[in-house]
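[1] Provided below are the primary sequence and the corresponding predicted coordinates.
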Amino acid sequence: MDVSTFDFELPESLIAQTPLLNRTGSRLLTLDKSSGAIGHHAFEQLIDFLQAGDTLVLNDTRVIPARLFGVKADTGAHVELLLLKELGEDRWEALARPGKRLKRGAVVVFGEYGEQGRENETAMTEPLLRAVVEEEGEMGARIVRFEYNGIFRELLDRLGSMPLPPYIKEKLDDRERYQTVYARNPGSAAAPTAGLHFTPAYLEAIANKGVRIITVTLHVGLGTFRPVSADTVEAHQMHEEYYSVSAETASALNEAKAAGRRIVAVGTTSARTLETVANRFGDSQIESCDGWSGIFIYPGYSFKLVDALLTNFHLPKSTLVMLVSALAGTDRVLAAYREAVEREYRFFSFGDAMFIY
């Protein structure tokens, strides 16, 4: 399958640069996956498309300040690290820019001397954080080991910055606007952006309608936002991301499936987690579990748990467009995207929403 199948024209002016003042103030495009019918609504009308008995699945991951700016200890050259996956024992998978500067054994320092640079040697003090490159990967990927005194998460909060996507050029004044209101488990390098539209009051209104709300965790990393560089869909390989499903969530999913009730995923990360779990347990009862998901969903895939999906509008030729096309059909999704462009919907992380049902 050719990757260009999932391309479409997107004016740069439609890429949302800042979040709306009101989280629920965005627009909502609806797509009936059976008929292809498209509707245009306010996001707050989502509740009209949800039914009593539905199970709404949220990804409760929390974005960490995963972007670190430092310098090479030997040359003072500026380096950026984007932390993607915690590997244990202070080791992380990261993206390095520029990657060519960081060979195995290279040391990057952050804080104090790391902030001043090599040119100010007279004022050198011990860095707060050091990263030693242990392995080199493709496209700037590195395995680094951190050295420090104190608590790593506290140092990361102090030294790191919010890892906004590269297409967002505006500064984000409030870090919490790149977090969902239900973010609980730190570990993501990017927000599960479909969830940014909800407020506690709106979630309460949905629950009062009789919709059961549960959570899964998937820490968003390279697997979600790595661009597709291959010419064919089948040649692309997803990177693995950590997921976790609690016993309470597993029980709720089993009940919904047994009763034939709709399971509605909020975001592609929730959808990927649900389908990972569905494939893991097959026809057996779902159990509390965690692990690494490298699932790649594209047209031809048969969904086992996800019946409906709330999502934002995604990048052309991305794995996320492929996922929504697998759920609703490529032609219908691309037709909906063309209409969204014509009606000037806001795209990407801080943009408008789409509900496929």
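    Right, received. Where do you want to start? Residues are numbered from 1 along each chain as shown.

[2] Okay, and the closest residue to Thr330 other than its chain neighbours sits in which element?
    Of all residues not flanking Thr330 in the chain, Pro299 sits nearest, at 5.5 Å (Cβ to Cβ, 6 or more residues apart in numbering). C-betas here are computed from N, CA, C, even on glycine. Assessed by DSSP states H and E, Pro299 sits outside every helix and strand.

[3] surely Pro299 meets Val324?
    No. Using Cβ atoms under 8 Å, Pro299 is not in contact with Val324, being 10.0 Å away.

[4] Which of these two has more residues huddled nearby?
    Val324 (28 against 18; other Cβ atoms under 10 Å).

[5] Tell me where the stretch 51-200 of the chain has strands.
    Listed in chain order, the strands of the stretch 51-200 of the chain (DSSP state E, counting those that start in this stretch) span 55-59, 61-63, 67-72, 78-88, 91-97, 107-110, 129-136, 141-148, 185-188.

[6] can you count the residues close to Pro186?
    Neighbour tally, Pro186, other Cβ under 10 Å: 16.

[7] Setting aside sequence neighbours, what's the nearest residue to it?
    Leaving aside its chain neighbours, Pro186 sits nearest to Arg62 (4.5 Å; criterion: Cβ to Cβ, 6+ apart).

[8] That neighbour and Pro166: what is the separation?
    Computed as Cβ to Cβ, to the nearest Å, the Arg62 to Pro166 distance reads 21 Å.

[9] neighbour count winner among those two?
    Arg62 (17 against 7).

[10] which stretches of the chain have low pLDDT?
    112-125, 222-225 (pLDDT under 70).

[11] Now with 50, please.
    For the chain, applying pLDDT under 50 flags the ranges 113-123.

[12] was I right about Gly111 contacting Leu155?
    Yes. Between Gly111 and Leu155 a contact is recorded at 7.4 Å, counting by Cβ under 8 Å.

[13] Between the two, which contacts overlap?
    Among the neighbours of Gly111, those also in contact with Leu155 (Cβ atoms under 8 Å, 6 or more residues apart in numbering) are 128-129.

[14] how close does the residue lying closest to Lys169 once chain neighbours are set aside sit to Phe8?
    Nearest non-adjacent residue to Lys169, counting by Cβ to Cβ, 6+ apart: Gln17, 6.2 Å away. Gln17 sits 20 Å away from Phe8, going by Cβ to Cβ.

[15] and if you look at Met162?
    Distance, Met162 to Phe8, using Cβ to Cβ: 28 Å.

[16] Could you do Ser251 as well?
    Between Ser251 and Phe8 the computed distance is 40 Å (Cβ to Cβ).

[17] How is the chain divided into domains?
    3-63+172-356, 67-159 (automatic domain parsing).

[18] what's the most buried one of these?
    Among the domains of the chain, domain 3-63+172-356 has the highest mean neighbour count (mean count of other Cβ atoms under 10 Å), at a mean of 18.

[19] List the contacts of Glu135.
    Neighbour list for Glu135: 104, 142-143 [criterion: Cβ under 8 Å, 6+ apart].
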